[in-house]
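Visitor: Task: produce atomic coordinates for the following.
(one chain, ligands or ions: 1)
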Amino acid sequence: MSKLQIVFWTMTGNTQIMADFIADAAKQAGAEVAVCRVGEITAEEALKADILALGCPAMGAEELESAEFEPFFEQLLPHLAGHKLALFGSYGWGGGEWMRNWEQQAQDAGANLFREGLIALERPDADAMTACEEFGAALAQF
Ligand SMILES: Cc1cc2nc3c(=O)[nH]c(=O)nc-3n(C[C@H](O)[C@H](O)[C@H](O)COP(=O)(O)O)c2cc1C
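Guide: Have a look, this model is predicted:
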């Protein structure tokens, strides 16, 4: 059974909804899943999981949240080569540019990236929730 660790940051809860749907679906698909916020886990602990899924909304100007999430991700970066990694998050008006930048950083670090990062416009609607469930179920088999 794969161990999936999901670590997320959220301001208004939209990325947390995504995390919860991904987690529930991955559990149902047979993964051992742990979910927590940034700040509740060290980079070292997070890297012990077989698969790491990171959630962060678009903040700043198409950036990761700078006070908590980005420092955490920078601690992970030197250790991501070959590591199974999935990215997700909610956004507002930008069309997903922050996710493409984030994917590029992960790829440059050599991460074994699961699909394209999953994005949802603001609070996930029914279609976005279904997409999160499908993402989580497939991630369990990654
Ligand atoms: C300070 C701030 C900066 C933001 N910057 C962007 C941005 O650059 N691009 C974008 O698409 N959305 C941006 N947004 C919108 C958020 O990404 C969006 O509301 C998202 O759903 C928030 O997710 P959360 O509920 O998980 O915090 C920003 C929101 C705030 C409050």
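Visitor: C-alpha from now on. contacts and neighbour counts both.
Guide: Fine.
Visitor: Show me the strands in this protein, by range?
Guide: 3-8, 32-37, 51-55, 84-91, 112-113, 118-121 (DSSP state E).
Visitor: The ligand: which of the ones you listed is closest?
Guide: Nearest of these to the ligand, taken as CA to the nearest ligand atom: strand 84-91 at 3.5 Å.
Visitor: Kindly reformat the strands of the chain as TSV and extend each row with distance to E97.
Guide: Shown next, in TSV, are the strands of the chain (distance: least, CA to CA, whole Å):
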stretch	distance to E97
strand 3-8	19
strand 32-37	23
strand 51-55	15
strand 84-91	9
strand 112-113	17
strand 118-121	10
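Visitor: Let me have the ones you listed in TSV, extended by mean neighbour count, mean pLDDT and distance to Q141.
Guide: Output for the strands of the chain, formatted as TSV (neighbours: other CA atoms under 10 Å; pLDDT from 0 to 100; distance: least, CA to CA, whole Å):
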stretch	mean neighbour count	mean pLDDT	distance to Q141
strand 3-8	24	98	10
strand 32-37	17	98	11
strand 51-55	24	98	10
strand 84-91	24	98	11
strand 112-113	18	98	13
strand 118-121	21	98	17
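Visitor: Do you know the pLDDT at S2?
Guide: pLDDT for S2: 89.
Visitor: wait, what's in contact with it?
Guide: 30-32, 50-51, 140-141 (CA atoms under 8 Å, 6 or more residues apart in numbering).
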